[in-house]
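Student: the amino acid sequence is not available; the structure is as follows:
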């Protein structure tokens, strides 16, 4: 009977995969409640619960720039019951920002699917005498070394977009990291900084109120929520592409059948009118793709942000 034990265990495992899920699924958010990751996770969990017939329990676990949650999920049982929301900070920037991490994003995680992309908006106070990005860059070059820009923190999409602007436009600007996008925006409105790359959900109300001007969006295509704002590429910076993306990952070793089931359910959820409406309110665009396509995207993002982090000189030891 002992010689049949491995075969019996294998059949038992296959049976469990076929019945998946049979209990609530834990979705970890590596940041505090209220941010974009948390808002998207909660919207996502509603539709995924419908599709899989099990409750999704969203758990915020902030700290260490997202690394505390990443470490915990990397060590979790790879059974499809622990997922994590990932974005460029945790999966493409932190590997180069931190001198040593207790996990490897390539080795310890399996990509399930991209969920949504949120463009960053290049915004300046409405009092700035520049009608577009070209005029702003010209003003910056007339008075070099005196520009300050804020972001949601070291390694954030806004930080990386600012460094890419410096690199491509050859302007000098000092980065001021804040503890989140909201404080960074307050700093801009208070005149403590000169510009920032803000997320769509945060920037739109201030743009509509006339307090901030949107000079450009950071994605290759214009944003539907701001059709009059040109892209950075259309404004003279070819190839400029920085967006906050959100995706779902599981620990490496999660059975392919479970990854496929999650991917299929995510794709269906992103096609529902309810999900499209929730994302549109945030200025986010649904962007489902296969597990392999998402893994390839993460690899390309790693290569891009490795260069940007080195250029910025930012480091957390």
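Tutor: Sure thing, it's come through. From a predicted model like this one, the values you see are computed outputs, not experimental measurements.

Student: poorly predicted segments of the stretch 201-317 of the chain, please.
Tutor: 317 (pLDDT under 70).

Student: recalculate using a threshold of 90.
Tutor: Residues of the stretch 201-317 of the chain meeting the criterion pLDDT under 90: 201-205, 219-226, 239, 241-245, 274-287, 304-317.

Student: the helices in it, which residues?
Tutor: Along the stretch 201-317 of the chain, the segments classed as helices by DSSP state H, counting those that start in this stretch run 256-270, 273-281, 291-312.

Student: the longest strand seen in the chain - what's its average pLDDT?
Tutor: Longest strand of the chain, by residue count under DSSP state E: strand 109-125. Averaged across strand 109-125, the pLDDT comes to 92.

Student: same question for stretch 62-69.
Tutor: 87.

Student: strands of the stretch 1-150 of the chain, start to end?
Tutor: 25-29, 56-60, 82-87, 109-125, 148-151 (DSSP state E, counting those that start in this stretch).

Student: just want the angle from the longest strand of the chain to helix 291-312.
Tutor: Here strand 109-125 runs at an angle of 50 degrees relative to helix 291-312 (axes from the mean of the first three to the mean of the last three CA atoms, to 10 degrees).

Student: give me the mean pLDDT for stretch 72-81.
Tutor: Rounded mean pLDDT across stretch 72-81 is 97.

Student: stretch 34-41 now?
Tutor: Mean predicted confidence for stretch 34-41 is 79.

Student: list the buried residues of it.
Tutor: 35, 36, 37, 38, 39, 40, 41 (16 or more other CB atoms under 10 Å). Yep, even glycine has a C-beta here, placed from its N, CA and C like the rest.

Student: related to what we said a few turns ago, right, and the helices of the stretch 201-317 of the chain - which one's nearest residue 84?
Tutor: Residue 84 sits nearest to helix 256-270 of all these, at 12.2 Å, using CB to CB.

Student: check which helices and strands the closest one sits against.
Tutor: helix 5-19, helix 36-52, strand 109-125, strand 243-251, helix 291-312 (3 or more CB pairs under 8 Å, 6 or more residues apart in numbering; DSSP states H and E).

Student: what are the pairing partners of the longest strand of the chain, and which direction each?
Tutor: strand 195-199 (antiparallel), strand 212-217 (antiparallel), strand 243-251 (antiparallel), strand 285-286 (antiparallel) (DSSP bridges).

Student: tell me which of these sits most buried.
Tutor: Comparing the strands paired with strand 109-125 by mean neighbour count (mean count of other CB atoms under 10 Å), strand 195-199 comes out on top with a mean of 27.

Student: centre of the chain to it, how far?
Tutor: Here strand 195-199 is found 15 Å from its chain centre; the criterion is CA atoms, centre = their mean, to the nearest Å.

Student: next one: stretch 299-316
Tutor: Relative to its parent chain, stretch 299-316 has a centroid offset of 15 Å by CA atoms, centre = their mean.

Student: i'd like the first residue to be 54 from this point on
Tutor: Happy to do that; since the first residue is 54 now, the last one works out to stretch 352-369.

Student: show me which parts of it are buried, residue by residue.
Tutor: Within stretch 352-369, the residues that count as buried by 16+ other CB under 10 Å are 354, 355, 357, 358, 361, 362, 365, 367.

Student: got the contact list for stretch 101-111?
Tutor: With contacts defined as CB atoms under 8 Å, 6 or more residues apart in numbering, stretch 101-111 is touched by 74-80, 82, 91, 94-95, 97-99, 314, 318-319, 321-322.

Student: so how far does that stretch reach from one end to the other?
Tutor: 12 Å (CA to CA, to the nearest Å).

Student: if I look at residue 333, how far off is residue 127?
Tutor: 33 Å (CB to CB, to the nearest Å).

Student: mind checking how far residue 296 is from residue 254?
Tutor: 13 Å.

Student: intersection of neighbour lists for these two?
Tutor: Joint contacts of residue 296 and residue 254 (CB under 8 Å, 6+ apart) are residue 171.

Student: which non-adjacent residue is nearest residue 89?
Tutor: residue 252 (6.0 Å; CB to CB, 6 or more residues apart in numbering).

Student: for the helix or strand where residue 220 lies, which outside residues touch it?
Tutor: Per DSSP states H and E: residue 220 is located in helix 210-222. Residues from elsewhere that reach helix 210-222 (CB under 8 Å, 6+ apart): 140-142, 146, 173, 175, 190, 193, 202-206, 224-226, 228, 230, 234, 237, 249-252, 271, 285, 289-290, 292-293, 295-297, 358, 361-362, 364-365, 367.
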